[in-house]
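> Predicted structure and sequence below. I'll ask about it afterward.
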Amino acid sequence: MMKRLFTFPAMAVVAVIVSSCARKNAPHDPMERWAWEVPSPPPPPMAWVPAGPFRKADRTPDNVTAIVIHTTEGRWSDDLTHAENQERNFRNVINYFKKNDRNVSAHYIIGRNGEICQMVNEGDVAHTQTYYNGRAFGIECAGWSRRPETWTPELMESLIKLCAYLCVKWDIPAYHPEGTAYEGPYSVIVDEENKRFTGPGLVGHDQVQPWNKSDPGDHFPWEEFSERVRLRIREYGVEPIELPSVEEIVSSDIFATARIREERIGTGEPFTYELTLRGPGVNSVSIGDIVFPDFSVIEGLEVVSKPVRETISETLVQFEIGLRRDVPGRFSIGASRISIDGSWNDTQTLRVNVE
Ligand SMILES: [Zn+2]
């Protein structure tokens, strides 16, 4: 009998940022919250063109902690001036995000003359920076990280206004955190192949994915930019939120991986579903806080042994549950939730074929 395990992204980042900011205690609906919050800046003028790829979500300020700055890169023509290339790039990228087969998008695109186009609603998740999407806004600046001319005064002014607006409305720290997924205080190493950046605030794509991204690049003036975002926020009569302490963030970042032991999958044979939690905060998670999926909703899937918790080390806890399925076919399990300090987080979905 053939046995196969589909290893779709069986890893999810579960981040719980405990913020001391009282403004986080807001009504669930961001729009409702928007209506009663007192000193809020208006959004800068922008066009709306809906993106094709995105994930519908109901994000609140509790879920969102960062703004990721990008450059679009893309085609360059030596027959055109920099300005002409950049203007064409802005239009091309908007068209591309309307529909593309790479399943990518961004919340906002900014052009060289400061024009802003929104393509994904604030509460929804754009597909801009892989594992970091859920917690972030993605802003694409039309241009090239290697070309300093990308950063025109008009583009920078619009970017600053947009970031100031988002920082106030969504309680995002108006500071640039240091380091990358590889190193620095916000780097969490899950294992050799999985390294994650957990820093909140005004973040570069190169910090999130240092293995394959280098935007917005060395010409982007991080210090001046974040200082001007804070100035703008203060003009609205609001004090910018500072970065939470590193200890606070690292201790609340937990990584969950789930897998089914491949060698035992097959019709009628029991197999083990493991949920592994790894991270400096795992000791604050107790077995009572893990909710396993309702396996009974999958036809023929039965629990043959109850979840067993095993503490592997100070930073690694593993749960195992034995399952058996008598019906061939493909199914998904997941929706495991982890509670840390009372906050619930969905983890991941694992798809399995039983043949
Ligand atoms: Zn990027």
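Good, I have the coordinates.

> How about the contacts made by the residue of the stretch 51-200 of the chain found nearest the ion?
Here the residue of the stretch 51-200 of the chain nearest the ion is His70; by CB to the ion that distance is 3.3 Å. Quick note: C-beta positions are derived from backbone N, CA and C, even for glycine. Taking CB atoms under 8 Å, 6 or more residues apart in numbering, we find His70 in contact with 106, 128-129, 138-141, 205, 215-216.

> Sitting in helices, which of those residues do you find?
The helices, defined by DSSP state H, take in His205 from these.

> So what's the model's average confidence on stretch 102-117?
Mean pLDDT, computed over stretch 102-117, is 96.

> quick revisit: list, out of the contacts of His70, those positioned next to the ion.
205, 215 (CB under 5 Å from the ion).

> Among the contacts of His70, name the least confidently predicted one.
The lowest pLDDT within the contacts of His70 belongs to Gln129, which sits at 91.

> Next one: that residue from Ile69, what distance?
Distance, Gln129 to Ile69, by CB to CB, to the nearest Å: 10 Å.

> Strands along the stretch 101-250 of the chain, start to end?
108-110, 116-118, 136-141, 187-191, 194-197, 201-204 (DSSP state E, counting those that start in this stretch).

> The third one pairs with which strands, parallel or anti?
What it means is strand 136-141. strand 66-71 (parallel), strand 108-110 (parallel) (DSSP bridges).

> Show me the contact partners of that strand.
64-72, 93, 105-110, 122, 126, 128-129, 150-151, 155, 159, 162-163, 166, 170, 203, 216.

> What is the neighbour count of the residue of the stretch 101-250 of the chain at minimum distance from the ion?
When scored by CB to the ion, the stretch 101-250 of the chain has His205 as its residue closest to the ion, at 3.4 Å. Neighbour count of His205, defined by other CB atoms under 10 Å: 25.

> Thr276 now?
21.

> Could you spell out the sheet neighbours of the strand or helix carrying it, each with its direction?
Assigned by DSSP states H and E, Thr276 belongs to strand 270-278. Here strand 270-278 is paired, per DSSP bridges, with strand 253-260 (antiparallel), strand 316-325 (antiparallel).

> Next secondary structure element downstream of it?
Next along the chain from strand 270-278, counting by DSSP H and E, comes strand 301-313.

> okay, now the domains of this protein?
Domain segmentation of the chain under automatic domain parsing yields 3-9+252-354, 18-250.

> weakest of the ones you listed by average pLDDT?
Minimum mean pLDDT among these: domain 3-9+252-354, a mean of 61.

> can you redo the strands of the stretch 101-250 of the chain as CSV with distance to Phe54?
Compiled in CSV, these are given as follows (distance: least, CB to CB, whole Å):
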stretch, distance to Phe54
strand 108-110, 12
strand 116-118, 12
strand 136-141, 10
strand 187-191, 26
strand 194-197, 22
strand 201-204, 19
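
> picking up where we left off before, please indicate which of the contacts of strand 136-141 are buried?
For the contacts of strand 136-141, a burial check counting by 16 or more other CB atoms under 10 Å picks out 64-72, 93, 105-110, 122, 126, 128-129, 150-151, 155, 159, 162-163, 166, 170, 203, 216.

> Stretch 202-213: which residues count as buried?
202-210, 213.

> now swap in stretch 306-319 and tell me
317-319.

> Straight-line length of it, end to end?
10 Å (CA to CA, to the nearest Å).

> do the same with stretch 46-66
21 Å.

> Then stretch 138-151?
Distance between the two ends of stretch 138-151: 17 Å, counting by CA to CA.

> Ser305 is in contact with Arg324, correct?
No - applying CB atoms under 8 Å, one finds Arg324 not in contact with Ser305, separated by 9.6 Å.

> Neighbour count for the two, which is higher?
Legend: neighbour count by other CB under 10 Å for Arg324 and Ser305, higher for Arg324 (19 against 12).

> Any idea what that one is bridged to?
Pro270, Glu302.

> ok, it - contacts?
268-271, 301-302, 304.

> Tell me the one among those residues nearest to the ion.
Phe271 (39.1 Å).

> What is the neighbour count of Gly123?
Gly123 - counted by other CB under 10 Å - has 16 other residues nearby.

> List the single closest residue to it in space, sequence neighbours excluded.
Arg59 (4.8 Å; CB to CB, 6 or more residues apart in numbering).

> ditto for Glu269
Counting by CB to CB, 6+ apart, the residue nearest Glu269 is Arg324, at 6.8 Å.
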